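Chemist: Could you look at this predicted model? Sequence included:
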Amino acid sequence: MFHDTSEYVRKVLSQMVEITADKENLRNVNDLPENHTFFWFQNKVNHYINLVASHVVIDKHNTVKDEDYKWEMAPHPIESLRNRKEDNISIKRKMQKKLVSI
């Protein structure tokens with residue numbers, strides 16, 4: 001049966017946004033040690049975040065449209081991702097305070 005799953009998807013997004021792979025396991029990026037290979041990899045591959053293709057596209061769209069590309073039914077479930085004027089480039093790449101979700 002087809003039905004609206006938007007609240008389920010929003011819940012999953014809010015719970016999984018900071019989850020990353022740790023070899024065969026999944027872990028919260030904030031629970032990884034500072035010297036974890038995840039952070040080394042992010043620094044090597046995405047060191048110049050302003051050159052990462054996905055962020056370049058978002059930045060260009062923001063410049064032209066003065067907001068991001070998202071269509072929202074409700075505010076984003078993660079508070080730090082609600083600002084539609086700039087791309088959040090640190091989420092899941094760096095250790096940060098635990099995110100607040102609705």
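Modeler: That came in fine, so what should we check first?

Chemist: Count the residues that sit near residue 11.
Modeler: Here the neighbour count serves as a burial measure; for residue 11 (other CB atoms under 10 Å) it reads 14. C-betas here are computed from N, CA, C, even on glycine.

Chemist: and if you look at residue 77?
Modeler: If we define neighbours as other CB under 10 Å, then residue 77 has 20 of them.

Chemist: unless I'm mixing things up, it is touching residue 10, no?
Modeler: Yes: the pair residue 77 / residue 10 is scored as a contact, 4.6 Å apart, by CB atoms under 8 Å.

Chemist: Other residues contacting the longest helix seen in the chain?
Modeler: As assigned by DSSP state H, the longest helix anywhere in the chain is helix 53-65. Taking contacts as CB atoms under 8 Å, 6 or more residues apart in numbering, the residues outside helix 53-65 that touch it are 49, 50, 68, 69, 85, 86, 87, 89.

Chemist: Please list only the buried members of these.
Modeler: Of the members of these, the ones counted as buried by neighbours, 16 or more other CB atoms under 10 Å, are 68, 87.

Chemist: can you put the contacts of helix 53-65 in JSON lines and add secondary structure, distance to residue 28 and pLDDT?
Modeler: Formatted as JSON lines, the entries for the contacts of helix 53-65 read as follows, by DSSP: H, G, I helix; E, B strand; the rest coil; distance: CB to CB, whole Å; pLDDT from 0 to 100:
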{"residue": "49", "secondary structure": "helix", "distance to residue 28": "21", "pLDDT": "81"}
{"residue": "50", "secondary structure": "helix", "distance to residue 28": "26", "pLDDT": "80"}
{"residue": "68", "secondary structure": "coil", "distance to residue 28": "25", "pLDDT": "81"}
{"residue": "69", "secondary structure": "coil", "distance to residue 28": "27", "pLDDT": "78"}
{"residue": "85", "secondary structure": "coil", "distance to residue 28": "27", "pLDDT": "78"}
{"residue": "86", "secondary structure": "coil", "distance to residue 28": "24", "pLDDT": "76"}
{"residue": "87", "secondary structure": "coil", "distance to residue 28": "22", "pLDDT": "74"}
{"residue": "89", "secondary structure": "coil", "distance to residue 28": "19", "pLDDT": "70"}
